[in-house]
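**Student:** quick one: sequence plus predicted model below, questions after.
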There are 2 protein chains.
Amino acid sequence: MTGTFVVVGGDAAGMSAASKAKRDAPETDVVVFERGEYVSYAACGIPYYVAGRVGSLDDLVALTPDEAREERGIDLRMRHAVTEIDHDRRVVTVESETETFEQPYDALLVATGAHAVVPPFDGTEKRGVFTVHDLDDAAAVDAYVARDDVETVGVVGGGYVGVEMAEAFDARGLDVRLFEMLPRVLDPFGDAAADVVASHLRERGVDLHLDTAVSAFGGDRRVASVETDDGSYPVDAAVVGVGVAPSVSLADDAGIDLGETGAIATDAYGRTNRDDVYAAGDCAESQHVVTGAPAHVPLALTANRGGRAVGATVAGTPTPVGDTAGTAVAKAFDLEVARTGILDPEAARAAGFDPVSETITADSRAHYYPGAEPVTVTLTADRASERVLGASLVGADRAGKRVDPVATALHAGLTVDELAALDLAYAPPFGPVWDPVLTAARVLDGELDDT
Amino acid sequence: MTGTFVVVGGDAAGMSAASKAKRDAPETDVVVFERGEYVSYAACGIPYYVAGRVGSLDDLVALTPDEAREERGIDLRMRHAVTEIDHDRRVVTVESETETFEQPYDALLVATGAHAVVPPFDGTEKRGVFTVHDLDDAAAVDAYVARDDVETVGVVGGGYVGVEMAEAFDARGLDVRLFEMLPRVLDPFGDAAADVVASHLRERGVDLHLDTAVSAFGGDRRVASVETDDGSYPVDAAVVGVGVAPSVSLADDAGIDLGETGAIATDAYGRTNRDDVYAAGDCAESQHVVTGAPAHVPLALTANRGGRAVGATVAGTPTPVGDTAGTAVAKAFDLEVARTGILDPEAARAAGFDPVSETITADSRAHYYPGAEPVTVTLTADRASERVLGASLVGADRAGKRVDPVATALHAGLTVDELAALDLAYAPPFGPVWDPVLTAARVLDGELDDT
């Protein structure tokens, strides 16, 4: 295109789009407005920074503002907030510390991301209570827990952020109390994986409180306790990791449609209901590869891929943003835990499936090869079509990336017997002859044939 | 079925078939004739036994004869050789140490496996020269290299057996000379992987001779040198690992058709051209998932799967043996190396494709996460259809099983842009945001779009 491509938000989706558009169509003016201090940072790296495994916060920045400007030719404006979109006039209103101005656009990408949900209980404003969503958060929590008087940290939320932060604090030598409202940790990873992880967290000394609703943080100006329906637990610091919500007020105010998930509704190319206005990344929906329905999966690959696709489209090559399978992997102390697709039976039924699941445990390597550990696999399929719907895996040795062939199977719409017939890699250091995924498929296939 | 299912050969394919048939149809008489001393042994474990990483040879036996008889109800006859098949009369002739007799069958499985190829050069009969195909070989080579006067071992053949044995001897503290006739090691894994492995072998002190034809073993009664077109190299022991050939004389003599590969021709259910006579495992062909043509891929998963399918079919549930993608993975000292599908351009063209390849190198984990190592990925696709044809991967950190999503893509017939659009698992300890496989697909997709 010739003209101006304006991007609101300079993280994964925004900078991927800007870089791709400028590379594919160098004559385009690409302007990125980022309200914060960082672009292209790896929020997923924060737990490892807090754990002390990453040298510097700068290591989490994939691209500096100077690199974006000088090497990629992007007109990047830091500390510039877009406050309004006028799609009739095709301008956005921008506020910096020193001025407010209008910026015309020919194409616009809303990549405003997501923000940490702060639950409505008392005391979240106390000193020593943190969310961990951006690099400023990371620096703040890192500095705070380095204080001599911090020995115990309360983590509220047992999703992957909560579990990763629990590991990070443990690695720093701190005691960790983890509070989860639901009866299990890592809810989207399914029962079997959750049970294995919960046992492991307890083995590793985490004071784990499941089925426990936090009502407040106690203490004077500084947090001193986590108050729950089950009692009061002293802590010296606290992290709230109960999820993220899409940052959609700018879009919503401009009449851009939101979907049922609360994120911005988009089509296969990331287009919103407004001409030449796109959305991508954590603020936008994408299509789920299993259900075909819109989903909100605020993860890094989806954001990078969606942004890159919008950049290519704006530059003249219409490119689908791609479907999501909801694939995720996390390290939970010594365990690897992963999931893909639809695992929750109610979600499966809501999408019109009749889900059948099997859970098996098999070795991660040949049983005689040093380092073999059990891998627990749950595989879910639709009874009538026998199509694979989802999987979770958990184990101490190379369980995580074993989800990838299942994710691939979801994209290809494979049935359970097709999954069981895959020629996956085998050698004694890498797996048993039948990979745990194949064994799970074989067992589930038997169950489907019997019923 | 009611009647008698006779299986010739008690390794992976044979015992998988026998076990499955007996489980699914307990009324069937299942008789297995094994000419050797072991059943169901893991030949792939031999290098790790020789390296000293596996406690005992017994650990490599998945099922003992007693377990097969008592727990699975299989009529297993050890040291019984089948010498003739008479398909008109539906009997096989069997020889044991004490008798020769005829055994009638209603269904017959030929699972005679493969044997190590012994090349026609002089001196292979000398003491200290070994092949490594079965557990007796493993015990013999293990005992021989334990002698005080063995310091240097010559390995002839740079395929995965040769490379694994080189690592095993190195782990035992021995010096290793490796001889390969071709200009590269691990030929089926492609140029890029071969180059990385060759450099690594040399770094690890292997005296590597590529493009070097061995002509003889020197020495008196005991091997003392490897003679090549490039000179004479002193060794104290030698292993020949130049490949395996299917053991088909029994079948061939009985008028069972062989395919172009030299292995037994079979249909999708493992049936030969003779009624009720099946073949599976290392003696049989299977269909290649990319070319659709018969292939001979003597690997453990193919044998186990094929045998199991024949067992199910004989028991009354017709079950395809499944296609092969030629997926393989090996550990080469500190490297993991894997391949799947069609990599060789000539093989691709012979199958009617116009192959295009790209090789990229990316990190195995987030660049800031400890332990990240480069992974080199070669991806090949057909220019016109953009269908993925094959891939190889090599790297020191978790490169091997990354081949599995590509193998899955081959089974599903995905195109390069479909592969690039997969929602594979990401978190900093497990990969970069774009998995190396996705990056390779993206780059190859760009190459296809540009031409």
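**Tutor:** Perfect, I can see it now.
**Student:** so which residues of the stretch 351-451 of chain A form strands?
**Tutor:** For the stretch 351-451 of chain A, the strands defined by DSSP state E, counting those that start in this stretch occupy A:355-363, A:374-382, A:388-395.
**Student:** between the ones you listed, which gets nearest to residue A:139?
**Tutor:** Residue A:139 lies closest to strand A:388-395 among the strands of the stretch 351-451 of chain A, at 31.8 Å (CB to CB). Where you see a C-beta, it was placed from the backbone N, CA and C, and this is true even at glycine.
**Student:** now check that closest one, is it near chain B?
**Tutor:** No - under the criterion of CB under 8 Å from any CB of the partner chain, strand A:388-395 makes no contact with chain B; the nearest approach is 9.6 Å.
**Student:** what does the average pLDDT come to for that strand?
**Tutor:** Taken as a whole, strand A:388-395 has a mean pLDDT of 98.
**Student:** give me the angle between that strand and strand A:374-382.
**Tutor:** Computed by axes from the mean of the first three to the mean of the last three CA atoms, to 10 degrees, the angle separating strand A:388-395 from strand A:374-382 equals 170 degrees.
**Student:** who are the packing partners of strand A:388-395?
**Tutor:** helix A:191-203, strand A:335-341, strand A:374-382, helix A:403-412, helix A:436-450 (3 or more CB pairs under 8 Å, 6 or more residues apart in numbering or on different chains; DSSP states H and E).
**Student:** quick one: those as a markdown table, columns for mean pLDDT, mean neighbour count and distance to residue B:365 too.
**Tutor:** Below are the helices and strands packed on strand A:388-395 laid out as a markdown table (pLDDT from 0 to 100; neighbours: other CB atoms under 10 Å in any protein chain shown; distance: least, CB to CB, whole Å):
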| stretch | mean pLDDT | mean neighbour count | distance to residue B:365 |
| --- | --- | --- | --- |
| helix A:191-203 | 97 | 19 | 21 |
| strand A:335-341 | 98 | 28 | 12 |
| strand A:374-382 | 98 | 25 | 20 |
| helix A:403-412 | 98 | 28 | 15 |
| helix A:436-450 | 94 | 21 | 21 |
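**Student:** go ahead and confirm residue A:269 touches residue A:321.
**Tutor:** Yes - in this structure residue A:269 lies within contact range of residue A:321 using CB atoms under 8 Å: 6.5 Å.
**Student:** who has more neighbours out of those two?
**Tutor:** Neighbour count, other CB atoms under 10 Å in any protein chain shown: between residue A:269 and residue A:321, residue A:321 has more, with 29 against 17.
**Student:** and that one, how far from chain B?
**Tutor:** Between residue A:321 and chain B the distance is 9 Å, computed by CB to the nearest CB, to the nearest Å.
**Student:** show me what contacts that residue?
**Tutor:** A:266, A:268-270, A:280, A:286, A:305-306, A:309-310 (CB atoms under 8 Å, 6 or more residues apart in numbering or on different chains).
**Student:** quick one: it is in a helix?
**Tutor:** No - checked against DSSP: H, G, I helix; E, B strand; the rest coil, residue A:321 lies outside a helix; its state is coil.
**Student:** pLDDT score assigned to it?
**Tutor:** So, for residue A:321, pLDDT stands at 97.
**Student:** overlap in contacts of residue A:269 and residue A:321?
**Tutor:** Shared contacts of residue A:269 and residue A:321, defined by CB under 8 Å, 6+ apart, are found at A:309-310.
**Student:** over to residue A:69. Which of the three states is it?
**Tutor:** Classified using three-state DSSP, residue A:69 is helix.
**Student:** now it, nearest residue through space, not along the chain?
**Tutor:** Spatial nearest neighbour of residue A:69, chain neighbours left out: residue A:76 (5.5 Å); criterion: CB to CB, 6 or more residues apart in numbering or on different chains.
**Student:** one more: residue A:126?
**Tutor:** Closest residue to residue A:126 apart from its sequence neighbours, by CB to CB, 6+ apart: residue A:223 at 4.5 Å.
**Student:** if I read this right, the residue nearest to residue A:69 contacts residue A:70, doesn't it?
**Tutor:** No - if you go by CB under 8 Å, residue A:76 and residue A:70 don't touch, sitting 10.2 Å apart.
**Student:** more crowded one of these two?
**Tutor:** The residue with more neighbours, out of residue A:76 and residue A:70, is residue A:76; 25 against 10, by other CB under 10 Å.
**Student:** and the stretch of helix or strand that one belongs to, which strands flank it?
**Tutor:** Secondary structure assigned from DSSP states H and E places residue A:76 in strand A:75-78. Its sheet considered, strand A:75-78 pairs with strand A:29-34 (parallel) by DSSP bridges.
**Student:** just to revisit the earlier point, now the strand holding residue A:76: buried residues?
**Tutor:** A:75-78 (16 or more other CB atoms under 10 Å in any protein chain shown).
**Student:** ok, now which ones touch residue A:76?
**Tutor:** Contacts of residue A:76 were listed using CB under 8 Å, 6+ apart, and they are A:10, A:18, A:31-32, A:34, A:39, A:65, A:68-69.
**Student:** quick check: phi and psi at the residue in the stretch 1-150 of chain A that chain B sits nearest to.
**Tutor:** The nearest approach of the stretch 1-150 of chain A to chain B comes at residue A:59, 4.0 Å away (CB to the nearest CB). When read as degrees, to the nearest 10, the backbone of residue A:59 gives phi -60, psi -20.
**Student:** equivalent analysis for the one 5 residues further on, please.
**Tutor:** The main-chain torsion angles of residue A:64 are listed as degrees, to the nearest 10 and equal phi -90, psi 160.
**Student:** burial of the nearest residue to it once chain neighbours are set aside, as a residue count?
**Tutor:** Nearest non-adjacent residue to residue A:64, counting by CB to CB, 6+ apart: residue A:39, 7.7 Å away. Residues near residue A:39, counting by other CB under 10 Å, number 24.
**Student:** was I right about residue A:39 contacting residue A:11?
**Tutor:** Yes - assessed by CB under 8 Å, residue A:39 is found in contact with residue A:11 at 6.6 Å.
**Student:** intersection of neighbour lists for those two?
**Tutor:** In contact with both residue A:39 and residue A:11: no residue, using CB under 8 Å, 6+ apart.
**Student:** most centrally placed residue in chain A?
**Tutor:** Geometric centre of chain A, nearest residue: residue A:299, 3.2 Å, by CA atoms, centre = their mean.
**Student:** contact partners for that one?
**Tutor:** A:324, A:328, B:426.
**Student:** right, and the first one touches residue A:295 too?
**Tutor:** Yep, that's residue A:324 we're talking about. Yes - using CB under 8 Å, residue A:324 is in contact with residue A:295, at 5.8 Å.
**Student:** shared neighbours of those two, anything?
**Tutor:** Residues touching both residue A:324 and residue A:295 (CB under 8 Å, 6+ apart) are A:286-288.
**Student:** buried ones among these?
**Tutor:** By 16+ other CB under 10 Å, those give A:286-288 as buried.
**Student:** so residue A:5: helix, strand or coil?
**Tutor:** In three-state terms, and counting by three-state DSSP, residue A:5 is strand.
**Student:** count of residues packed around it?
**Tutor:** Neighbour count for residue A:5, taken as other CB under 10 Å: 28.
**Student:** what sits against whatever residue of chain A ends up closest to chain B?
**Tutor:** Nearest residue of chain A to chain B: residue A:412, at 3.3 Å (CB to the nearest CB). Applying CB under 8 Å, 6+ apart, one finds that residue A:412 lies in contact with B:408-409, B:411-412, B:414, B:418.
**Student:** same question for residue A:440.
**Tutor:** Residue A:440 touches A:358-360, A:362, A:377-379, A:391, counting by CB under 8 Å, 6+ apart.
**Student:** and of those, the nearest to residue A:152?
**Tutor:** Residue A:152 has its nearest neighbour among those in residue A:378, at 33.6 Å by CB to CB.
**Student:** what bridges to the closest one?
**Tutor:** Assigned bridge partners for residue A:378, using DSSP bridges, are residue A:359, residue A:392.
**Student:** I figured it hits residue A:342, correct?
**Tutor:** No - with contacts counted by CB under 8 Å, residue A:378 stays clear of residue A:342, the gap being 11.8 Å.
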